[in-house]
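>>> Provided below are the primary sequence and the corresponding predicted coordinates.
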Amino acid sequence: MSDKWNHLSAEEARIILHKGTEMPYSGEYDQFYKDGTYICRQCNNPLFDSSAKFKSGCGWPSFDDHFDGAVRSVLDKDGRRMEIVCNQCGGHLGHVFKGERFTSKNTRHCVNSLSIKFVPKS
């Protein structure tokens, strides 16, 4: 890990570095709806605007868009899902799903609360 990155707790490292998943409905941002920006917990890269967050009922924070160049999709090791990672540090964020029709963008970035931090709009 780079010295410029934030210190991670053991549980944050399990998710961000080792591609873990937090239990559904357990994350602090699952039912959290305030104006601001969600950044990568590891490197502070701005990832999602709060205007992209929506209620999907899946148990994890859901976003239908991200900031340009902030998130990268890669094939998950299971070969079926698309993993999303921070484009700056490569930290695991969650998975992206398309075609579910939750929003007009038809995309759901399903994100672990422990992979992100919220910065309120000032």
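Thanks, I have it. Quick caveat: nothing in here was measured; it's all calculated off a predicted structure.

>>> Phi, psi for the closest residue to residue 33 other than its chain neighbours please.
Spatially, and ignoring its direct neighbours in sequence, residue 33 is nearest to residue 53 (6.6 Å; C-beta to C-beta, 6 or more residues apart in numbering). C-betas here are computed from N, CA, C, even on glycine. Main-chain dihedrals, residue 53, degrees, to the nearest 10: phi -80, psi 140.

>>> how much space between residue 53 and residue 111?
Counting by C-beta to C-beta, to the nearest Å, the gap from residue 53 to residue 111 is 9 Å.

>>> Mind listing the shared neighbours of those two?
Residues touching both residue 53 and residue 111 (C-beta atoms under 8 Å, 6 or more residues apart in numbering) are 38, 61, 62, 63.

>>> ok, back up a step: count the neighbours of the residue nearest to residue 33 for me.
Residue 53: 22 surrounding residues under other C-beta atoms under 10 Å.

>>> again with residue 105
Residue 105 is flanked by 12 other residues according to other C-beta under 10 Å.

>>> what sits against it?
Taking C-beta under 8 Å, 6+ apart as the test, what residue 105 contacts is 64, 65.

>>> What does the pLDDT read for it?
What the model reports for residue 105 is a pLDDT of 97.

>>> Also residue 38?
For residue 38, the model assigns a pLDDT of 98.

>>> can I assume it is in contact with residue 44?
No: under the criterion of C-beta atoms under 8 Å, residue 38 makes no contact with residue 44, lying 10.9 Å away.

>>> Looking only at neighbour counts, state which of those two leads.
Using other C-beta under 10 Å as the criterion, residue 38 and residue 44 rank with residue 38 on top: 27 against 16.

>>> For that one, grab phi and psi.
Taking degrees, to the nearest 10 as the convention, residue 38 sits at phi -100, psi 130.

>>> Counting neighbours, which bits of the longest strand seen in the chain end up buried?
The longest strand of the chain (DSSP state E) is strand 92-98. Buried positions in strand 92-98, judged by neighbour count with 16 or more other C-beta atoms under 10 Å: 92, 93, 94, 95, 96, 97.

>>> The last one pairs with what?
When assigned by DSSP bridges, residue 97 has beta-bridge partners residue 108.
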